[in-house]
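J.: Sequence first, predicted coordinates after that:
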Amino acid sequence: MEKHSVIYPPYYLSYMNGVLSDTKKVVSTTNVVGYVLGLLGISMIAVTQVVTVLLPLLFAPLVCATFGFLLYKTQPFNEPTVVRVGPSPQGNQE
């Protein structure tokens, strides 16, 4: 064998030999779909865990808001009565 002065990159040599390079083996359509579905699954697990932790913390504010709304709606909407302390402005004493 004779030595060459030019150094070929590995992907060029594997292409010349008819063998798929490592990059082409790693990046394929099925692998990309698998990676995307895996990340989607992990994201869904993380979201459900966060919701499971935070859901009980929403109970007290929800109950307080409901009772406050009910209390507000059950109050009569009459004109406020003015309570005066001291002599009346008309000066009628009966």
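T.: Nice, I can see it.
J.: For the longest helix along the chain, give the mean pLDDT please.
T.: The residue-count maximum for a helix in the chain (DSSP state H) belongs to helix 29-54. Helix 29-54 shows a mean pLDDT of 93.
J.: which helices and strands does that helix pack with?
T.: Using 3 or more Cβ pairs under 8 Å, 6 or more residues apart in numbering; DSSP states H and E, no helix or strand is in contact with helix 29-54. C-betas here are computed from N, CA, C, even on glycine.
J.: Name the residues of the helix or strand just after it that are buried.
T.: For helix 29-54, the succeeding helix or strand toward the C-terminus, using DSSP states H and E, is helix 59-74. For helix 59-74, a neighbour-count test (16 or more other Cβ atoms under 10 Å) marks nothing as buried.
J.: Using PDB, list the CA coordinates for helix 59-74.
T.: Extracted C-alpha coordinates of helix 59-74, given in PDB (Å, rounded to 0.1, in the frame of the first residue of the first chain):
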ATOM      1  CA  PHE A  59     -58.900  24.600  46.500                       C
ATOM      2  CA  ALA A  60     -58.800  27.300  49.300                       C
ATOM      3  CA  PRO A  61     -58.800  30.400  46.900                       C
ATOM      4  CA  LEU A  62     -61.600  28.800  44.900                       C
ATOM      5  CA  VAL A  63     -63.800  28.200  48.000                       C
ATOM      6  CA  CYS A  64     -63.100  31.700  49.300                       C
ATOM      7  CA  ALA A  65     -63.900  33.300  46.000                       C
ATOM      8  CA  THR A  66     -67.100  31.300  45.700                       C
ATOM      9  CA  PHE A  67     -68.300  32.300  49.200                       C
ATOM     10  CA  GLY A  68     -67.300  35.900  48.700                       C
ATOM     11  CA  PHE A  69     -69.200  36.000  45.400                       C
ATOM     12  CA  LEU A  70     -72.300  34.500  47.000                       C
ATOM     13  CA  LEU A  71     -72.100  37.000  49.900                       C
ATOM     14  CA  TYR A  72     -71.800  39.900  47.500                       C
ATOM     15  CA  LYS A  73     -74.800  38.700  45.400                       C
ATOM     16  CA  THR A  74     -77.100  38.100  48.400                       C
END
